[in-house]
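Chemist: Give me a 3D structure for the following:
(chains A, B, C, D and E)
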Amino acid sequence: MDIATVGGLVGGVFLMFFGVVVNGLSPLQIMDPASAIITFGGGACATIVAGSMSRLFNVPKFSKFAIFPRHADTAQLILTLVQFSERARREGLLSLEDDLANLDEPFLKKGIQLVVDGTDPELVRNILETDMQNIRNRHSEGSTFWGDLGFFLPAFGMLGTLIGLIQMLLSLSTGDPNAIGKGMSAALITTLYGSFGSNLVALPLQKKLLLRDGDEYVVKAIMIEGILSIQSGDNPRIVKDKLSSFLPPSERAALDEAGV
Amino acid sequence: MDIATVGGLVGGVFLMFFGVVVNGLSPLQIMDPASAIITFGGGACATIVAGSMSRLFNVPKFSKFAIFPRHADTAQLILTLVQFSERARREGLLSLEDDLANLDEPFLKKGIQLVVDGTDPELVRNILETDMQNIRNRHSEGSTFWGDLGFFLPAFGMLGTLIGLIQMLLSLSTGDPNAIGKGMSAALITTLYGSFGSNLVALPLQKKLLLRDGDEYVVKAIMIEGILSIQSGDNPRIVKDKLSSFLPPSERAALDEAGV
Amino acid sequence: MDIATVGGLVGGVFLMFFGVVVNGLSPLQIMDPASAIITFGGGACATIVAGSMSRLFNVPKFSKFAIFPRHADTAQLILTLVQFSERARREGLLSLEDDLANLDEPFLKKGIQLVVDGTDPELVRNILETDMQNIRNRHSEGSTFWGDLGFFLPAFGMLGTLIGLIQMLLSLSTGDPNAIGKGMSAALITTLYGSFGSNLVALPLQKKLLLRDGDEYVVKAIMIEGILSIQSGDNPRIVKDKLSSFLPPSERAALDEAGV
Amino acid sequence: MDIATVGGLVGGVFLMFFGVVVNGLSPLQIMDPASAIITFGGGACATIVAGSMSRLFNVPKFSKFAIFPRHADTAQLILTLVQFSERARREGLLSLEDDLANLDEPFLKKGIQLVVDGTDPELVRNILETDMQNIRNRHSEGSTFWGDLGFFLPAFGMLGTLIGLIQMLLSLSTGDPNAIGKGMSAALITTLYGSFGSNLVALPLQKKLLLRDGDEYVVKAIMIEGILSIQSGDNPRIVKDKLSSFLPPSERAALDEAGV
Amino acid sequence: MDIATVGGLVGGVFLMFFGVVVNGLSPLQIMDPASAIITFGGGACATIVAGSMSRLFNVPKFSKFAIFPRHADTAQLILTLVQFSERARREGLLSLEDDLANLDEPFLKKGIQLVVDGTDPELVRNILETDMQNIRNRHSEGSTFWGDLGFFLPAFGMLGTLIGLIQMLLSLSTGDPNAIGKGMSAALITTLYGSFGSNLVALPLQKKLLLRDGDEYVVKAIMIEGILSIQSGDNPRIVKDKLSSFLPPSERAALDEAGV
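Modeler: Numbers count the residues shown, from 1 in each chain, chains lettered A, B, ... in the order given. Have a look, this model is predicted:
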């Protein structure tokens, strides 16, 4: 579980309540179901128009990666690829067929299968890069959803405030400062909701999912480089040198200890 | 019909009225034809200067795709291309001439025709990519129109509010708080219109049309890859592997069941 | 004449006066020469610092394209290029020398001259693409001018308002609400001018000129593709297929009727 | 001297004073040394953190180009390159060694020297393009400085206004409208300074220096194209055709008159 | 130590206190622990959600480069590479093995090792460029952290102000202008904190770290060019010409004096 996502969200909500209480307000005074419906409902409607029903249904699937990252053990992946390259040089590319059954990463499996089938290297790269590009396009739906929501929420918060202001100004004739203050404070609550939802939840989740997509891109790039190196029969030491460039120095040591 | 577009727009309008009623206003109190003329008329004028008459006339044509998507059945398209590749390998490229009559997608038809005519592969790619690029340029007119409108609407909403404020400030001497409140609330209605039109309608439609253009690009990219694979006589299994990368995993299963 | 530019500008100005009158103001009440000098003069000064004297003198030349587009009849251009390709195949590249005198488009003339002179194809492409790039750089001066002006106008409008506000606040001690209202309304007029000049004139003209540059790019790209196809002796039917991709489907029909 | 830079800056300052006087203020009333220190000092501090000491010391060197442009006579440069190409074809590349002493443009000199030394053409291009890229990177320090300053100045102007507002609000209890007005007007002066410094000076200078860098890029690109054409022994007429594409049509005539 | 970073930060904080004192406030009056917790805590929470725990732990490591730059003596590096190229031409590539022990820059060491091992030049470039790209990706975590924080801080400052405003408006009925002023001034303090933290600290540090990454990129690019030149056996004078292009003219003189 990614405690940065959970901890940051919980901490941000707590700080907001802290701010409310420190200002001498009761949390109930900033709770207003109608304001929430206008702001979050309106933002969601605009985001739905901007996207598609299928994207909407995919939001939970893609967003769960913000909390539960795909635990790609990059060092282990490189180790596997180096071992494959050793075996391929010793026993030939066809010997990798036995390892296919043990692979549960579909992208890697597909690549090794193409190599075992004797597909032309240029075509292997072409197919894997198209596949990677399309995986990235599909996964970008998650970050785009949160980015759209983060863009529209403050606008609908401000729309709610505008409506509240218009109401308050129209009833200005009562001249009751108490009523005016209540009207304006109520009007500001939608702006508060819109800004909070956008800046604590939607935009940070967009950035987090973009980060995850970047991590996944690196893993896929390692797989493609490794598969093509295996196919071209590179020296396993060169394969390791090439792929370990993707690791931070601290993790490269782990690779060396593994004795490859 | 794309229920995301229709549902989102209807829901957003409904929520706005909900917000008005919940604030104790009658919907009639935020209806002002003059404000609508200033905001939407001004935004439309700026958008027309920025574009061209022909683009303006094309808006309905391009925008209808936001509600009625071109239903490109991508899996079926891949199936067709794989069958063509099988036939071409068995009976030669010329045998595809018989299938041309059944094709109603002009882009695919043009590509297969070029292949049947024995055009040089490099030239086939060149012609089809130029065609695709120009299709995309023309279709981008739709999203550009809505993007321009979404950019200019809030500016003209604010201009209307400025004029209203100037009027209200000039009549401040009456000292009647009721009149002042009425003046300011009326002034804010153009800002409300501009923001609502931009954030619920114009900008979401821009994003939706960009999404559609992206979908169409994928379909055209599949066609180009498929046509060139057929021409170069690739193994039908490779053609399928190559093209199915464009599908999400869930739809690939359907392709496999189809028995290709 | 481009009625979108003229109609949009006239309509926008008319709507602004409509808004003024509907608010119960006389148009004279928002006319203030000093405010206009501060806003438009200041915006122009910043735009001049950002550009160069020569760019400033070129503004009318480049901006007239916003109203009087260069009427490039693209279908006719393609027809000409296809006819050239037929003649070149029949009678040799040198036969095109006779047609040079009838060409009044300098770019096309230069390209055909290079081909007639027997220049190396790679060099022909190189020279024509450099030329096109430099034409685009020069023409971008027009859109950059309007873009800079559209960026700086609202800032100087706000500066004028700030000065007016400072004056009004310093004379607050009079306590005369009438004077305060007049001061603030006067202060807001520069903001009105800056926003109006930017959003109805400067930014739409920038976008329009960018659109024109895009159109011109397409025309030049057709010329380059056509010239190189003629030089390499492509089949006239292929030349037509290649170049007609640049046309929208509706105009392609016209090309077919012309019987090429 | 670039009168656009000097005239625009002087005109903008004059207009600001005009605005002050027209509003019935004395210029002394908007002069406040403390406000200037807070706004410009704060903006400068942030810009210094964002950059480096060496960049700061280079600001005068790079910024003087905004007023005194490097007068690169492009037509003369092309003439020189065409003459070199004629001589090189007639008397061989080594004959250019005699011309080296007369060249005072270090970039051109370096390029011709490489050609005279018989360096491999690919290497000549590689060295000259690296050099050009690094010249551009160094010169971009000037525009980046002004861009950073233009970004931070309004923020520090607003910070000054916030502090002033807090002071004014804390002394609200006096109830003296005169004091409140004075406090608020004083608070707004830092916003005035920040916006004026950013929009009349910093951002226009950034754009001007970017323009100069673009001009210099064109000059360097002409040199690289010319040097490589000379080395590959291109026909001098072709060299002229190639390089004159970089000139606007009006200046090409001058080149033709020069009789090359 | 980078005195621009330290001096700019200290100067900016000093100027802020100067502004406070000049406005007749005591610095204690703008110190409010609760406001600091809401603004900086909220901004940090959003930044943590947007990033990852490991990035958070790396912030000190990456940020220290803003104060203590990696002192890469570029001229010395070029000197070393030119000496290597002389030795390699005289005594062969294998002779460089003796120099490996003296190299403490891991990137340069890795490159020379690959050359000594007789790795294929294309592969050397491929491995080193992958390595450089991954180093840049890792180092960009520092600038991304400060950029995210600089983006979210003003938003949470405004959220704090909104809460304060709501509280103030709800207690408007007391009608005590003193209390109202105090409430509003307290509400503005979070905006002050958010803007100050963003514009003096977070955004300038982001820009500084991006600058450092750019410097490091140049150093790595020199290493790659140098290593590949050594491997291809370029003339040491050519190696010097090629690499000195990366230096500003002032530092090139130093290189010449060094007598290479």
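
Chemist: going forward, measure contacts between C-alpha atoms and count neighbours the same way
Modeler: Noted.

Chemist: Can you name the helix or strand that the nearest residue to residue A:154 once chain neighbours are set aside falls in?
Modeler: Spatial nearest neighbour of residue A:154, chain neighbours left out: residue A:194 (4.3 Å); criterion: C-alpha to C-alpha, 6 or more residues apart in numbering or on different chains. Using DSSP states H and E, residue A:194 sits in helix A:177-196.

Chemist: pLDDT score assigned to the residue nearest to residue A:154?
Modeler: In this model, residue A:194 is scored at 97, pLDDT.

Chemist: tell me the contacts of it?
Modeler: By C-alpha atoms under 8 Å, 6 or more residues apart in numbering or on different chains, the contact list for residue A:194 reads A:39, A:40, A:153, A:154, A:155, A:156, A:157, A:158.

Chemist: Among those, which ones are in strands?
Modeler: Applying DSSP state E to those, no entry is found in strands.

Chemist: which residues does residue A:217 contact?
Modeler: So residue A:217 contacts A:132, A:136 (C-alpha under 8 Å, 6+ apart).

Chemist: how far away is it from residue A:59?
Modeler: 20 Å (C-alpha to C-alpha, to the nearest Å).

Chemist: cool, residue A:144 as well?
Modeler: Residue A:144 is 10 Å from residue A:59, by C-alpha to C-alpha.

Chemist: neighbour count winner among those two?
Modeler: residue A:144 (21 against 17; other C-alpha atoms under 10 Å in any protein chain shown).

Chemist: quick one: which helix or strand includes that one?
Modeler: helix A:121-170.

Chemist: Report the angle between that helix and helix B:177-196.
Modeler: Put simply, helix A:121-170 runs at 170 degrees to helix B:177-196, going by axes from the mean of the first three to the mean of the last three C-alpha atoms, to 10 degrees.

Chemist: just checking, residue A:188 touches residue E:166?
Modeler: Yes: judged on C-alpha atoms under 8 Å, residue A:188 makes contact with residue E:166 at a distance of 7.0 Å.

Chemist: which one of the two has more residues nearby?
Modeler: Legend: neighbour count by other C-alpha under 10 Å for residue A:188 and residue E:166, higher for residue E:166 (29 against 25).

Chemist: From the chain's centroid, how far away is the helix or strand hosting residue A:42?
Modeler: Residue A:42 is part of helix A:42-50, with elements assigned from DSSP H and E. Remark: helix A:42-50 is offset 20 Å from the chain centroid, using C-alpha atoms, centre = their mean, to the nearest Å.

Chemist: What are the buried residues along it?
Modeler: A:42, A:43, A:44, A:45, A:46, A:47, A:48, A:49, A:50 (16 or more other C-alpha atoms under 10 Å in any protein chain shown).

Chemist: Residue A:149: what's it in contact with?
Modeler: Neighbours of residue A:149 in contact, by C-alpha under 8 Å, 6+ apart: A:43, A:44, A:46, A:47, A:198, A:202.

Chemist: With adjacent residues omitted, what lies nearest to the residue nearest the centre of chain A?
Modeler: For chain A, residue A:209 is the residue whose C-alpha lies nearest the centre (C-alpha atoms, centre = their mean; 1.3 Å). What sits nearest to residue A:209 in space, not counting adjacent residues and going by C-alpha to C-alpha, 6+ apart, is residue A:143, at 5.4 Å.

Chemist: Pull the number of nearby residues for that neighbour.
Modeler: The burial count for residue A:143: 26, using other C-alpha under 10 Å.

Chemist: What does the pLDDT read for it?
Modeler: 93.

Chemist: again, but for residue A:100
Modeler: 86.

Chemist: Correct me if wrong: it contacts residue A:109.
Modeler: Yes: assessed by C-alpha under 8 Å, residue A:100 is found in contact with residue A:109 at 6.2 Å.

Chemist: Leaving out chain neighbours, which residue sits closest to residue A:94?
Modeler: Closest to residue A:94 by C-alpha to C-alpha, 6+ apart is residue A:116, at 5.3 Å.

Chemist: Quick check: the residue lying closest to residue A:162 once chain neighbours are set aside vs residue B:240, distance?
Modeler: In this structure, residue A:162 finds its nearest non-sequential neighbour in residue B:192, 6.5 Å apart by C-alpha to C-alpha, 6+ apart. Distance from residue B:192 to residue B:240, counting by C-alpha to C-alpha: 52 Å.

Chemist: Which one's more surrounded, those two?
Modeler: residue B:192 (26 against 22).

Chemist: Give me the angle between the helix holding residue A:144 and helix A:42-50.
Modeler: Using the same axes, to 10 degrees: helix A:121-170 against helix A:42-50 is 140 degrees.

Chemist: Show me how far helix A:121-170 is from its chain's centre.
Modeler: The chain centre lies 11 Å from the centre of helix A:121-170; the measure is C-alpha atoms, centre = their mean.

Chemist: With stretch A:81-94 instead?
Modeler: With C-alpha atoms, centre = their mean, you get 35 Å for stretch A:81-94.

Chemist: Could you tell me which residues make contact with residue A:239?
Modeler: A:82, A:85, A:226, A:229, A:230.

Chemist: Can you tell me which of these are buried?
Modeler: A:82, A:85, A:226, A:229, A:230.

Chemist: Widest-spaced pair of those residues?
Modeler: Farthest apart among the buried ones among the contacts of residue A:239 by C-alpha to C-alpha are A:82 and A:229. That separation is 9.5 Å.
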